[in-house]
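[1] What shape does this take:
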Amino acid sequence: MIINTNPGAAMAARILGESSSALQKSLSRLSSGSKIASPSDDAAGTGVAMKFGAQINRIQAAKDNVGNAISFSQTQDGFLDKIGNALDRMSELAVLAQDETKTDQDRALYDKEYTKLEEFVTALNDKDFNGISLFNGGSGLTVTVGADGTNFSMISVAVAANSSVTAALNQTVATSSGASTALTAVQSAISEVAAYRADVGANMSRLESESSALSVLKDNMSAARSRIADVDVAQESANFARQQILVQSGTAMLAQANVLPQSALRLIG
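    Below you'll find the model as predicted:
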């Protein structure tokens, strides 16, 4: 029986310290929802999870880019639909103006509406989306559709620079011969606008496919990161309860170990 050294108390204190540390770590995991409370918990996992997180953020950024490009294309299609409706009415007026039972005074009335529709189509040519021209006739927009910087070049729409549309906007139906010429020009313009709507539809189809693919990739990358970094609450709760019991029992045993040397006093005196 010794007094200066208490091996039992020292061991109980060491184990209690370890249990307390494990309990604090478990508490940190449960409160944060993260399996990796400290990089020392999983050094390699910390690095991999960080790279996954950065890639997920890039995927979301690319998805946002694609979403804006889809909105751009939808705006284009909406205006092209209105241009098509205007050209449709202009062709109708051109046919009506060729009616030989109409006088030039009657045709002048048709020409007023035809002229206003020309102005409407001309005004739509200058529309933009957040400062980006919808129908500038230049190269198509380049959209970043991948986390690695992969790009997709959209088919351009050049209504303002199209000769057929321009020809239809410089006609008159004030005379029968003029109406005949206008009809031919408007028919060509309608064909061009129809082709543009097909181009815009192709852009949207590709962009929607890219957006869907990015969503799938992001979901799977998030799941992979979760398996590394996110805590299993059920499993960690059980571990937390275990560590609580160990801390409580360790505290009790340390108290008992500290009492043992007092038995030596009975041998003295």
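[2] low pLDDT regions in this protein?
    Counting by pLDDT under 70, the chain shows low-confidence ranges at 1-5, 137-139, 160-162, 264-265, 267, 269.
[3] And the helices in the stretch 51-200 of the chain, which stretches?
    Ranges of helices within the stretch 51-200 of the chain are 104-125, 163-168, 176-229, based on DSSP state H, counting those that start in this stretch.
[4] closest to residue 147 out of those?
    Taking CB to CB, helix 176-229 is the member of these nearest to residue 147, at 7.8 Å. No exception for glycine: its C-beta is placed from N, CA and C like everyone else's.
[5] And the closest one, what does it pack against?
    Helix 176-229 sits against helix 43-96, helix 104-125, strand 151-153, helix 163-168, with contacts defined as 3 or more CB pairs under 8 Å, 6 or more residues apart in numbering; DSSP states H and E.
[6] right, so these: which one is the most enclosed?
    Neighbour counts (mean count of other CB atoms under 10 Å) averaged over each of the helices and strands packed on helix 176-229 peak at helix 163-168, with a mean of 19.
[7] Kindly format the C-alpha coordinates of that one as CSV.
    The C-alpha atoms that make up helix 163-168 are tabulated as CSV, following Å, rounded to 0.1, in the frame of the first residue of the first chain:
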residue,chain,number,x,y,z
SER,A,163,-32.7,40.7,-96.3
SER,A,164,-36.1,39.0,-96.6
VAL,A,165,-37.4,40.6,-93.4
THR,A,166,-35.9,44.0,-94.5
ALA,A,167,-37.6,43.6,-97.9
ALA,A,168,-41.0,43.1,-96.3
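[8] Residue 199: which of the helices and strands packed on helix 176-229 is closest?
    That would be, of these and by CB to CB, helix 43-96, which comes in at 9.1 Å.
[9] Who are the packing partners of the closest one?
    Applying 3+ CB pairs under 8 Å, 6+ apart, one finds that helix 43-96 contacts helix 104-125, strand 128-129, strand 142-144, helix 163-168, helix 176-229.
[10] same thing but at 7 Å, please
    Under the contact criterion of 3 or more CB pairs under 7 Å, 6 or more residues apart in numbering; DSSP states H and E, helix 43-96 touches helix 104-125, strand 142-144, helix 176-229.
[11] any chance of the ones you listed in JSON lines, with distance to residue 20 too?
    Shown next, in JSON lines, are those (distance: least, CB to CB, whole Å):
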{"stretch": "helix 104-125", "distance to residue 20": "73"}
{"stretch": "strand 142-144", "distance to residue 20": "50"}
{"stretch": "helix 176-229", "distance to residue 20": "25"}
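[12] Go through these and name the closest to residue 159.
    Nearest to residue 159, of the helices and strands packed on helix 43-96 and by CB to CB, is helix 104-125 at 5.5 Å.
[13] Return the distance of that closest one from the chain's centre.
    For helix 104-125, the distance from its own C-alpha centre to the chain's C-alpha centre is 43 Å (CA atoms, centre = their mean, to the nearest Å).
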